[in-house]
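S.K.: Dropping a prediction and its sequence here:
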Amino acid sequence: MSDLDPHPEEALCEAGPWPGPVTEFFPAREVPLGGVRGVFVERVLPQRDLPTVGAWCFLDHFGSPTVTKTGASPDIDPHPHIGLQTVTWPFDGRIRHRDSVGSDVEIEPGQLNLMTSGRGIAHSEYKVTGAHSGHGLQLWIALPGDRAAIEPHFEQHRELPVYATPGVRAIVLMGSLGGHTSPAIAYTPLVGADVRIEPGTETTLPLEPGFEYAVLVIEGAVTVAGAEVGAGPLLYLGTERTELPLSSANGAHFALIGGEPFGEDLVMWWNFVGRSHEDIVTARNDWENRNIERFADIAGHPPEQRIPAPPLPGLYLKPRKRRIGPART
């Protein structure tokens with residue numbers, strides 16, 4: 001999955017401040033993945049006032065039943081990434097992933113794909129013939145500065161740990177939750193979990209007070225820290241929480257993301273996460289000039305299938321600062 005906005009803005013995502021516990025809603029916006037006629041997804045991260053949650057810097061809900069627009073095939077041709085990890089978590093359907101480090105795998109519900117781009121990788125994602133159209137989450141994790149240029153690599157995990165308490169089952173995709181740790185490699189302290197709460201449940205989830213957190217409801221409705229949350233918007237929960245109160249009358253399915261606040265400024269544009277405008281310009285030029293030392297060809301894809309990079313904006317940098325209000329419930 002990719003950010004294929006034909007006119008992406010370049011943004012400097014500045015670190016901090018960290019607000020303490022809050023309950024702040026951020027609306028989803030519908031965006032096309034393949035340009036004007038592409039498949040539409042709901043994007044909840046980054047937001048103008050909330051560029052990251054921990055190191056999580058991008059969150060798309062694809063195949064969402066609340067999307068009002070339709071488009072063409074969800075197949076995504078070869079495109080590049082730098083400075084990030086992509087996390088693919090399907091709820092249904094099957095997706096074929098191919099990349100420039102030689103990976104060629106199919107992913108099904110209950111399995112996790114994690115691609116670490118480091119200094120540069122290219123990949124494609126296609127719906128498997130005969131499979132459902134697909135529904136799931138695509139997330140990006142910003143790599144810290146000392147790992148931003150590591151060698152690219154790919155991993156798939158078919159068995160993941162589960163944190164369970166009466167009425168709640170949470171699959172730990174990344175990081176740790178309640179003493180259960182995912183085997184997926186993370187380069188900053190964080191957590192990502194797929195949580196289902198049964199009807200009539202009232203409980204809490206254990207949290208790390210040094211993390212910030214957010215919740216995205218996939219289906220149903222759940223009360224989180226006193227806030228009623230339905231499918232669609234992202235609920236940002238801030239920091240300094242040791243537990244997360246949850247209740248649901250009819251049951252719900254939601255994603256929990258969190259992590260140690262990311263203390264580095266980022267420059268994000270198209271599919272690139274860098275530290276400067278120059279990082280972005282160099283990566284774009286390497287892709288457009290077919291620098292195969294950085295972005296090798298993908299087996300089975302002729303070079304003409306590569307998605308061209310959009311034109312860079314005329315401006316140098318546009319700061320994207322956090323503007324989280326005071327704590328409120």
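M.R.: On my side now, so go ahead.

S.K.: low pLDDT regions in the protein?
M.R.: Applying pLDDT under 70 to the chain flags residues 1-17, 34-38, 68-74, 130-133, 317-329.

S.K.: Okay, the spatially most distant residue from the centre of the chain and Gly93: tell me how far apart.
M.R.: The C-alpha centroid of the chain is most remote from Gly200, which lies 29.9 Å away (CA atoms, centre = their mean). With distances taken as CB to CB, to the nearest Å, Gly200 is found 31 Å from Gly93. In short, each C-beta sits where N, CA and C put it, glycine included.

S.K.: His153 too?
M.R.: Distance, His153 to Gly93, by CB to CB: 25 Å.

S.K.: Looking at those two, which is more packed in?
M.R.: Taking other CB atoms under 10 Å, His153 and Gly93 do not tie; Gly93 has more neighbours (19 against 16).

S.K.: got a list of what the spatially closest residue to the more buried one that is not a sequence neighbour touches?
M.R.: Spatially, and ignoring its direct neighbours in sequence, Gly93 is nearest to Gly134 (3.3 Å; CB to CB, 6 or more residues apart in numbering). Listed by CB atoms under 8 Å, 6 or more residues apart in numbering, the contact set of Gly134 reads Phe62, Gly63, Pro74, Pro90, Asp92, Gly93, Arg94, Ile95, Lys127.

S.K.: Show me which of those are buried.
M.R.: For the contacts of Gly134, a neighbour count by 16 or more other CB atoms under 10 Å gives the buried set as Phe62, Gly63, Pro74, Pro90, Gly93, Arg94, Ile95, Lys127.

S.K.: Run the chain-centre distance for stretch 300-309.
M.R.: 24 Å (CA atoms, centre = their mean, to the nearest Å).

S.K.: Does anything pack onto whichever strand or helix holds Leu173? Which helices or strands?
M.R.: Per DSSP states H and E: Leu173 is located in strand 168-177. Contacting strand 168-177 under the criterion 3 or more CB pairs under 8 Å, 6 or more residues apart in numbering; DSSP states H and E are the following elements: strand 84-92, strand 162-165, strand 180-181, strand 190-197, strand 201-206, strand 252-259.

S.K.: For the last one, list every residue counted as buried.
M.R.: Residues of strand 252-259 classed as buried: Ala252, His253, Phe254, Ala255, Leu256, Ile257, Gly258, Gly259 (neighbour count, 16+ other CB under 10 Å).
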